[in-house]
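In: Predicted coordinates and the sequence they were generated for:
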Amino acid sequence: MKRTRIDDQASIVNTQYEFRRKFRNPAHLYRNSFWGLWLLGLLAGLSGCVSSEKLQKNQYLLYSQTVRGNRTIPSADLEALIPQRPNRRILRLPITFGLWAYQLGSKTYDKEAAQRALDAKRREYDQFVDQPDSTKSYKKQLRRFNRQLTRLRRQVDEGNWIMRNLGEPPVYFYEADAKTNAEKMQRYLKNKGFLVGKASYSVDSTTTLGRRVRVTYNITENIPFYLNQVTYQIADSRVDSLVRKTLDRSLLKSGDRFDADKVEAERIRIEELLRNNGYYSFSRQYIPLPFDVLDLDADSSVADSTRPNAHRLNMWVKIVNPPGKSSHPVFKIGEVDVFVARGEDRAMLDTVRHNGLQYLLGRQKYAMRLLDSRIFLRPDSLYRLRNFQDSQRQLFLLNQFRFANISFTDTTGNRLRTRVNLIPIDKYELTTEGGIFVLYQGQGFPGPFGNLSFRIHNIFGGLGTFETSLRYGLEATSGYTDTKAIDFAQEFGLNTSLIFPHILFPGKVRFLFNRLSPRTQIGLGYNYTFRPEYGRQVLRGTVSYNWLKNNVHQYNLFIADINYLRANIRSFRYQAELDSLAASGSTILNSFRNAFASNIGFIYTYNTNVLGQNRRANFLRISLESGGTTLNLFSREQLRSIFNTSDTTGLQYYKYLRANVDFRHYIPIRRKTTLAFRLNTGLVYGYGENKTAPYEKLFFAGGSSSIRAWLPRRLGPGSSIPYSQPDDKLVPDFRPGRPGQFRYDFEQPGDVLIEASAELRTHLFHLGGDINGAFFVDAGNVWTRRDASNRIGENFLLRPSSSDYLPRNFLQQIAVGTGIGLRIDFSFFIIRFDGAIKVYDPARYFIYDPDPNDPNAYIIEGKRPGDFIDERFFLPKFRLDKLFRGPNPLVINFGIGYPF
């Protein structure tokens with residue numbers, strides 16, 4: 001080890017000497033000066049994408065916008081008020097590729113010719129539609145006309161193909177825009193409590209970068225205003241009583257800085273409060289703003305002695321009565337009619353009265369008690385907005401109606417006649433799905449898949465749904481058989497489920513979750529996985545409860561999950577590997593025996609992220625699972641007798657506990673730029689006779705949604721060397737023909753998982769769909785709870801290790817990878833490509849022992865056989881000239897959707 005450090009230091013000294021020697025050489029300085037001038041010339045040429053000849057007199061391009069002077073208000077809030085965005089630059093250099101492409105395309109673009117082509121196509125279209133027809137060829141030609149007109153309109157409005165897809169129109173600076181933006185910022189300051197705040201702008205023009213303008217918005221916040229006393233003045237005594245009972249939930253608190261958004265939120269709160277207490281016609285227009293923020297009278301505020309640089313502001317919240325009335329009217333629900341029929345069934349409706357509601361039904365029959373439990377509007381009850389919203393939402397979530405609408409008619413005596421219109425969907429539904437760009441099993445290479453689903457709605461008239469689906473998928477995978485480096489993986493699945501829109505449980509418990517979209521799902525399925533290393537067949541039966549508190553909180557309770565597993569090893573090499581691990585104490589081989597597994601589990605999901613909306617959001621999923629819980633009622637001898645575990649033809653059974661926490665956080669940086677984080681952890685503890693859990697319940701690292709610099713499910717465990725030779729624990733096995741690359745032949749399961757990722761996502765350009773880019777860093781690993789005797793470093797170390805062959809603790813076993821990605825967003829699905837390389841590989845801690853007779857042996861200069869090698873910081877081993885064949889190859893991952 002000492003010799004290695006001395007060699008490294010000598011190498012560093014030599015490098016520094018060579019660096020100084022080169023830069024003392026005049027010829028070398030000349031060459032560097034030449035390339036430097038060439039680079040500056042290139043930057044200047046690319047920065048001048050729009051020449052001054054293209055700009056009219058006194059016309060400038062908008063180069064940058066900056067907000068300065070604000071101390072309390074975030075700059076991002078003020079920048080969001082600016083609708084203009086300068087042309088995008090590469091790495092904030094004066095290089096605007098999109099602007100250059102737009103100018104290049106405009107040289108060959110003739111707008112008048114494009115307009116003439118559009119007018120000619122419109123005339124041709126008008127002549128065609130004047131002669132309608134019902135044939136398929138006519139409809140096909142009509143669709144072709146629509147596509148052609150859409151394309152020609154885009155050419156007129158947005159330019160030719162290069163201008164639309166690669167280019168970006170020039171963004172010019174206009175004095176009026178800057179003035180308007182400053183006025184909006186000043187109003188925003190006042191809305192946020194800086195009532196005497198000021199906003200202005202200054203312009204810095206430059207000709208060195210092609211007549212471009214830098215705009216600076218100068219913010220002066222001045223003295224903030226805080227609420228002193230909030231007084232409610234309510235004319236209607238009943239309304240006054242309702243509002244004052246809820247003042248503890250008021251958003252306007254004495255001592256808070258004035259915020260116009262909170263004032264509006266308080267108006268909305270009062271409006272919802274009253275509309276949930278019978279005031280159907282009440283709206284926030286009866287709560288006028290306390291004063292005009294723009295014309296504040298300075299006498300209405302007083303100095304704040306507790307805050308020397310602040311003022312205190314008195315506020316009045318008024319609720320006025322309707323014009324000409326002494327109070328607000330209170331409404332009750334009148335007759336409730338529920339129409340459940342298609343249009344053709346309206347002539348033959350059956351009338352049924354149930355629980356005070358009148359149902360008019362078409363041909364289909366429904367369980368009246370279940371349907372009635374989703375309608376919360378009752379005759380003679382107070383009108384409540386919550387009951388209206390929950391009724392409409394729950395009827396829609398039944399997935400039995402194509403259309404669900406509730407309307408009210410004001411009748412005499414302030415009674416609302418209620419009409420519920422429900423249009424059922426087709427009872428039978430057949431859908432097909434297929435593709436070739438869908439990633440199968442989350443790893444490997446793209447492969448085709450097909451899915452056929454058949455559904456029966458309102459089965460047995462009980463608002464339930466029966467569904468059966470047939471799926472087949474095929475992909476090329478990076479797993480190894482005995483003779484091939486690339487093989488195919490297949491999966492076949494037949495799954496059926498019966499879904500009831502309530503909690504299926506004896507007694508009245510089934511109706512306690514009516515407002516929470518309850519569901520009971522009973523499933524039975526068969527899945528067959530055929531991989532190069534192994535095959536697995538699973539027969540699974542489940543019973544689960546699902547409910548939603550709202551769109552953010554979701555709960556899943558599995559009260560029974562029973563599995564029968566059969567497996568077979570297809571690769572002799574993999575069988576030998578498993579046998580070797582089993583002989584040294586590993587329990588992985590038990591996961592490939594015929595087995596019975598059962599569990600109960602609970603999953604909680606919190607999700608504020610909405611696809612397509614770039615805003616701050618969080619995602620949290622907590623999964624808890626207990627396997628073989630009921631088996632604890634039997635003794636070990638009884639279980640051996642039941643499952644015949646002493647015989648190779650018997651069944652394994654599992655007792656285990658499993659927990660998994662997945663947290664994600666999204667931070668918007670700009671309008672189309674997001675910073676996303678993920679932390680995923682898990683632990684599985686097998687306490688049965690075989691000391692393990694089913695193979696599907698173990699954890700894996702590596703792949704398109706994990707640590708992307710490693711092959712799918714191949715990272716780890718810990719710092720163990722992949723498939724080391726049994727006679728020497730520290731000698732790695734390298735890939736044939738790929739010197740320096742470890743053999744990641746088989747999946748590496750673990751009992752402990754820790755992985756984290758950070759990803760910067762941004763929009764690049766539009767080409768058929770949105771082309772987005774990403775830069776990411778992944779870190780993590782999996783570990784076992786105990787070491788196999790022929791592999792060192794695979795178990796999870798909390799306390800420091802004293803071994804010379806082991807890292808000090810689990811932190812030194814964290815693998816790190818980085819890379820860039822490309823996402824093609826077609827709105828309805830996203831195709832993702834990620835290229836990653838290793839930065840830190842904890843397994844690169846081994847004894848150097850190359851085979852002198854192997855021409856492909858991994859040779860390390862300056863090292864002798866028997867030397868201990870520490871290459872854990874592995875980033876320097878990446879080379880562009882050996883992109884895929886070097887020791888640190890580029891790993892390409894393909895996926896559908898975002899990794900997290």
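Out: Okay, I see it.
In: Could you list which residues are in contact with Leu880?
Out: Leu880 makes no contacts at all, as judged by C-beta atoms under 8 Å, 6 or more residues apart in numbering. Every C-beta, even on glycine, is put in place using the N, C-alpha and C of the backbone.
In: any idea how far Phe765 is from it?
Out: Plainly put, Leu880 is 25 Å away from Phe765 if you go by C-beta to C-beta, to the nearest Å.
In: Which other helices and strands does the strand or helix carrying Ser137 contact?
Out: Following DSSP states H and E, one finds Ser137 within helix 136-158. Packed against helix 136-158 by the contact rule (3 or more C-beta pairs under 8 Å, 6 or more residues apart in numbering; DSSP states H and E) you find helix 111-129, helix 161-165.
In: Leaving out the residues flanking it, which one is nearest to Leu382?
Out: Closest residue in space to Leu382, ignoring its immediate chain neighbours: Gly278 at 4.0 Å, by C-beta to C-beta, 6 or more residues apart in numbering.
In: right, and that neighbour touches Phe331 too?
Out: Yes: with contact defined as C-beta atoms under 8 Å, Gly278 reaches Phe331; the gap is 5.7 Å.
In: Give the residues shared as contacts by those two.
Out: Overlap of the contact sets of Gly278 and Phe331 (by C-beta under 8 Å, 6+ apart) consists of 382-383.
In: Got phi/psi on the residue nearest to Leu382?
Out: Main-chain torsions, Gly278, degrees, to the nearest 10: phi 100, psi -10.
In: OK, contacts around it?
Out: Contact partners of Gly278, counting by C-beta under 8 Å, 6+ apart, are 330-332, 382-384.
In: so which of the residues you listed is the most crowded?
Out: When the contacts of Gly278 are compared by neighbour count (other C-beta atoms under 10 Å), Tyr383 ends up highest, at 24 neighbours.
In: Now do the helices in the protein.
Out: Counting by DSSP state H, one finds helices in the chain at the ranges 2-24, 26-47, 75-79, 97-106, 111-129, 136-158, 161-165, 175-191, 237-244, 260-275, 368-372, 385-397, 572-583, 636-643.
In: To Gly862, which of these lies closest?
Out: Counting by C-beta to C-beta, Gly862 lies closest to helix 2-24 out of the helices of the chain; the figure is 5.8 Å.
In: And the helix holding Ser137, what's buried?
Out: 145, 152, 155-156 (16 or more other C-beta atoms under 10 Å).
In: out of the helices and strands packed on helix 136-158, nearest to Met315?
Out: With distances scored as C-beta to C-beta, the stretch of the helices and strands packed on helix 136-158 nearest to Met315 is helix 161-165 (51.3 Å).
In: And the buried residues of helix 136-158, which is closest to Ala120?
Out: Leu152 (9.1 Å).
In: Am I right that that closest one is in contact with Lys121?
Out: Yes: between Leu152 and Lys121 a contact is recorded at 5.7 Å, counting by C-beta under 8 Å.
In: What separation is there between Gly98 and Tyr172?
Out: Distance of Gly98 to Tyr172, computed by C-beta to C-beta: 15 Å.
In: More neighbours: the two, which one.
Out: Set Gly98 next to Tyr172 and count neighbours by other C-beta under 10 Å: Gly98 wins out with 20 against 15.
In: Break down the stretch 401-550 of the chain into its strands, ranges please.
Out: Along the stretch 401-550 of the chain, the segments classed as strands by DSSP state E, counting those that start in this stretch run 401-411, 415-424, 428-438, 447-459, 464-477, 487-500, 519-530, 534-548.
In: Can you add mean pLDDT and give the ones you listed back as a markdown table?
Out: Formatted as a markdown table, the strands of the stretch 401-550 of the chain follow (pLDDT from 0 to 100):
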| stretch | mean pLDDT |
| --- | --- |
| strand 401-411 | 88 |
| strand 415-424 | 92 |
| strand 428-438 | 75 |
| strand 447-459 | 87 |
| strand 464-477 | 86 |
| strand 487-500 | 88 |
| strand 519-530 | 92 |
| strand 534-548 | 91 |
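In: Give the residue spans of the stretch 601-750 of the chain that score low on pLDDT.
Out: Applying pLDDT under 70 to the stretch 601-750 of the chain flags the ranges 612, 646-649, 723-730.
In: 80 - rerun?
Out: 611-614, 645-650, 670-671, 690, 722-733, 736-737, 745-747 (pLDDT under 80).
In: quick revisit: wait, which of the helices and strands packed on helix 136-158 is closest to Asn614?
Out: That would be helix 161-165 among the helices and strands packed on helix 136-158, by C-beta to C-beta, at 21.7 Å.
In: just checking, what packs against that closest one?
Out: If you count contacts as 3+ C-beta pairs under 8 Å, 6+ apart, helix 161-165 packs onto helix 97-106, helix 136-158, strand 752-767.
In: Using CSV, lay out the ones you listed together with distance to Asn514 and mean pLDDT.
Out: Listed next are the helices and strands packed on helix 161-165 as CSV, based on distance: least, C-beta to C-beta, whole Å; pLDDT from 0 to 100:
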stretch, distance to Asn514, mean pLDDT
helix 97-106, 54, 85
helix 136-158, 45, 87
strand 752-767, 38, 90
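In: Let me have the ones you listed in CSV, adding distance to Ile669 as columns.
Out: Shown next, in CSV, are these (distance: least, C-beta to C-beta, whole Å):
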stretch, distance to Ile669
helix 97-106, 19
helix 136-158, 27
strand 752-767, 8
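In: residues touching Val340, list them.
Out: Contacts of Val340 (C-beta under 8 Å, 6+ apart): 359-362, 364, 366, 371, 401, 422, 424.
In: Now with 10 Å, please.
Out: Val340 is in contact with 349-350, 352, 359-362, 364-366, 371, 395, 400-401, 420-424, counting by C-beta atoms under 10 Å, 6 or more residues apart in numbering.
In: Mind giving me the PyMOL select for the residues you listed, buried ones only?
Out: Selection of buried members from those for PyMOL, criterion 16+ other C-beta under 10 Å:
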select buried, resi 359+360+361+362+366+371+395+400+401+420+421+422+423+424
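In: just wondering, since we're on Ser706, how far is it from Val782?
Out: Applying C-beta to C-beta to Ser706 and Val782 gives a distance of 10 Å.
In: right, I mislabeled it, should have said Ser591
Out: Look at Ser591 and Val782: by C-beta to C-beta, they are 15 Å apart.
In: Neighbour count: these two, which is higher?
Out: Here Ser591 and Val782 are set side by side on neighbour count (other C-beta under 10 Å), and the busier one is Val782, at 29 against 24.
In: which ones are touching the closest residue in space to the more buried one that isn't next to it in sequence?
Out: Excluding the flanking residues, the one nearest Val782 by C-beta to C-beta, 6+ apart is Gly750, at 2.9 Å. Contacts for Gly750 were tallied using C-beta under 10 Å, 6+ apart; they are 682-684, 698-701, 715-718, 781-785, 794-796.
In: before we move on, what about Thr692?
Out: Shown in contact with Thr692 (C-beta under 10 Å, 6+ apart): 586-591, 652, 654-656, 684-686, 698, 749, 751, 784-785.
In: the strands in the stretch 651-800 of the chain, which residues?
Out: Using DSSP E, counting those that start in this stretch, strands in the stretch 651-800 of the chain cover 652-653, 656-670, 673-686, 752-767, 769-783.
In: Lys262 is nearest to which of those strands?
Out: Checking the strands of the stretch 651-800 of the chain against Lys262 by C-beta to C-beta gives strand 656-670 as the closest, at 22.2 Å.
In: I'm done for today, thanks for sticking with me.
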